[in-house]
Structures are given as structure tokens and as C-alpha cells.
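Participant: show me the folded form of this:
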Amino acid sequence: MASSATGDGMSEAQTSEKSKKTKNQVDESELLTVPDGWKEPQFTKDDNPRGLLEESSFATLFPKYREAYLKECWPLVEKALGEAHIKASLDLIEGSMSVCTTKKTFDPYAIVRARDLIKLLARSVPFEQAVRILQDDVACDIIKIGTLVRNRERFVKRRQRLIGPKGSTLKALELLTSCYVMVQGNTVSALGPFNGLKEVRKVVMDTMKNIHPIYNIKTLMIKRELSKDPDLRAQSWERFLPKFRHKNLAKRKEPKKKSVKKEYTPFPPPQPESKVDKELATGEFFLRESVKKRKKMEEIKVKQAEALTKKQEERNKAFIPPKEKPLMKKTTKAPTEGKLDIEALKDKVKKAKTKKLGAPPVNPAPPTSSTTNKKKKIKTKNKG
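Facilitator: A predicted model of the protein is given here:
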């Protein structure tokens, strides 16, 4: 009885521990998931009323072809950065843009966003899109693709593949990732949410590694549909995602003679026998030079005879006639019926005789009266 009571107590304790574990797991999963529609509260002056202690500044160069556009839109850049109390300056002589904090700046991360803004402007991103970097839920990523492919022609082809015909591939990527993507020169500038930037970087790097972007776009479309189902959020999506394999990869050429590694032994290999040792073993060393020469000549003659026979066989091959295939005679099939129709055969023979040229008719027709009268008239004319 005591043992059964102790057993029940142990089972209850185990079930209570399991329930606690499951509760802890549920709590952790709930903590990790971000509720829908939640936004981080905006950083205001009340959060940092005293401002910053030190001045921070960043500068970046821009290409010559961007000078006219930057000169035109610079007042808008100053206005946008002025709201965050950041000073911006444009140096056309040096070809650089710089941003720095002021005494009124309260947001410590605003200078980092201002740095990203001038970087995007230098990489041909229009001002309307680049200003979005000043928002809290927007980030940027400048992907360098210039050094990923050595051959210049191949690089241009792959970069064009990323853009697609009339920019269709790039547009599809933008819609699926909710990011703005700009391909310019040796860089790809992306602007949008963090999850989207991660996907954009993966697609760009795979495209430069000769993986077509349409495969990644297909997986993104499937992921988008799966994310709508709340039951599948906590599950693995590997079974739904397509697995693409390289079909045109050239097989590695294997050598004809594969060298097999011998087992390691600490002892050195035995010394190979020299020519003199071989002659001593066979007894040729003690023979005279004349006998040695005679043996060599005999060996040479044997080899020559073998070579001649081989050549003669090859020459005779041309005169050997090839084997002809036996002609298959057409065999007439015997009539299936046991009894022959003799009357039918007689009729066929009669018809065949009438068709033959020069053969007399079987039943000759009697001469008509008109033909006899004509013959009589011809005779009387001849007499007269």
C-alpha cells in the first residue's frame, strides 16, 4: 500500500512539472511574438531634456553627375534635418556632404539616420524616398556588388537580370519585401523595414552567385501566403517551400589513373635492383660480350617478327569480305479455306483471256447486215 501511495505521489509531481514547463514555454513564445499593429513610442525631447554632451559629424563624397540634383534638392534636405536639429552642409568644390549635431539635438540616433540619408542621396536614391530613413520603422542597406563577379560582362548581365525586363523583377521584389530598391553602378541601395532588407540582401547576393531571382521571388510569394495563416506561424515551412537544384552544373573531370594511397609504414621502401644486380641474378654478367650481343640481336629479331605479323593481319583485314545478311523470301500464305471454288476460278480464267491482247474472243458475235452490204458495193465498183 505504501509503495502505491509513493508511486501516485511521484506521478503527480511529474505531471505538475510538465504543466509548469508547458506554461513557461507558452509564456516565452508570447513574449517573443510582437502583437499586430504595435508601434514603438516616438522618441521626444522629454526623454532627453538635457541634450547631447559631444558633437558628432559624418561626411560622404558624391559623384559628379549627382551635383546638379543635390544642388536643387538641398534646401529640402536642410529642412528635413532641421526638424531633428541636425546641421547639413554641401561642399560642391570638394564634392562632399556632411552632417553634424547641434546643441539643440536631443535624439542621439538622429545623426546616424542623417548619415544614412546623405549616403542614399550619393547613391542616386531620389530625395522623396531617402527622407523615409528619418522614420523609426525604416532602415537602409547599401549592398556592394562590384567585387562579387570578376568578369565585367558577366557582372553586367547578372545585374540586368536583377532589374529584369522593363524593371519587372525589381518591381516584384519591391512589392514582396515592401522595400524601395535602387540598382546603381556597383551598389544596390535598399530602403524599408528590417525583415524586407534581409530578404533583399539574400536575393541580390544569390543573383550575383548566378541564381536567378525568380526562384527567390517564388519562395517569398509562398512565405507571404503562409504568414497569413495563424496556425502555421509557429511551424516549420520547409515542406511548403520549393527546392531548386542546379541542372547545368558541369561534372568534375576525374583522372583516368586514380592514385591509391598506400598504407603508412615507418620503414623506408626496399632499394630497387640495379642493372648489374639483375645480370648477376640471371648469370648474364659472366657471359662474353659476343654472346651478349648475339642474345640481344635474337630478341630484336623476335620483336620484329611479331610486329610484321601484326601488320600483315591488319592489311589482310581489308580483303576479308563482310558477312551478308540472308535475304528473306516472301512466303505466300496458303488459303485458309479447305475447299476451293472451281467455278469461280474458271470465270476468272475466262475474263483474263478476254483482256489479253490478240486473243480470240470466247463467243464471237455474228456479222451484221450493214457490213455485208458495204462489202458488196465495194466489189461492184471494182468490177466496173
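Participant: how near is Lys209 to Glu40?
Facilitator: 35 Å (CB to CB, to the nearest Å). C-beta coordinates here come from the backbone N, C-alpha and C atoms, glycine included.
Participant: neighbour count: the two, which is higher?
Facilitator: Lys209 (10 against 7; other CB atoms under 10 Å).
Participant: can you pull the pLDDT of that one?
Facilitator: We have a pLDDT of 92 for Lys209.
Participant: also Pro322?
Facilitator: The predicted local confidence for Pro322 is 85.
Participant: now Met97
Facilitator: Residue-level pLDDT assigned to Met97 equals 96.
Participant: what's across from it in the sheet?
Facilitator: Met97 has these beta-bridge partners by DSSP bridges: Thr60, Leu90.
Participant: contacts only, for it.
Facilitator: By CB atoms under 8 Å, 6 or more residues apart in numbering, the contact list for Met97 reads Ala59, Thr60, Phe62, Leu70, Ala88, Ser89, Leu90, Asp91, Ile118, Leu121, Ala122.
Participant: what about Val138, how many neighbours?
Facilitator: 20.
Participant: and what about Lys198, helix, strand or coil?
Facilitator: Here Lys198 is helix, with the state taken from DSSP: H, G, I helix; E, B strand; the rest coil.
Participant: numbering from 7 from now on, please.
Facilitator: Will do, 7 is the new start, and the previous item becomes Lys204.
Participant: and it, how far is that from Cys185?
Facilitator: For Lys204, the distance to Cys185 - CB to CB - is 10 Å.
Participant: average pLDDT for the helix or strand containing Glu312?
Facilitator: Using DSSP states H and E, Glu312 sits within helix 295-323. For helix 295-323, mean pLDDT is 91.
Participant: flag the shaky bits of the stretch 7-156 of the chain, pLDDT-wise.
Facilitator: 7-38 (pLDDT under 70).
Participant: what segments of it are strands?
Facilitator: 63-67, 92-97, 102-107, 145-150 (DSSP state E, counting those that start in this stretch).
Participant: that older thread, more neighbours: which of Lys204 and Cys185?
Facilitator: Cys185 (24 against 13).
Participant: what segments of the stretch 7-156 of the chain are helices?
Facilitator: Remark: helices assigned in the stretch 7-156 of the chain by DSSP state H, counting those that start in this stretch are 8-38, 73-88, 116-128, 133-136.
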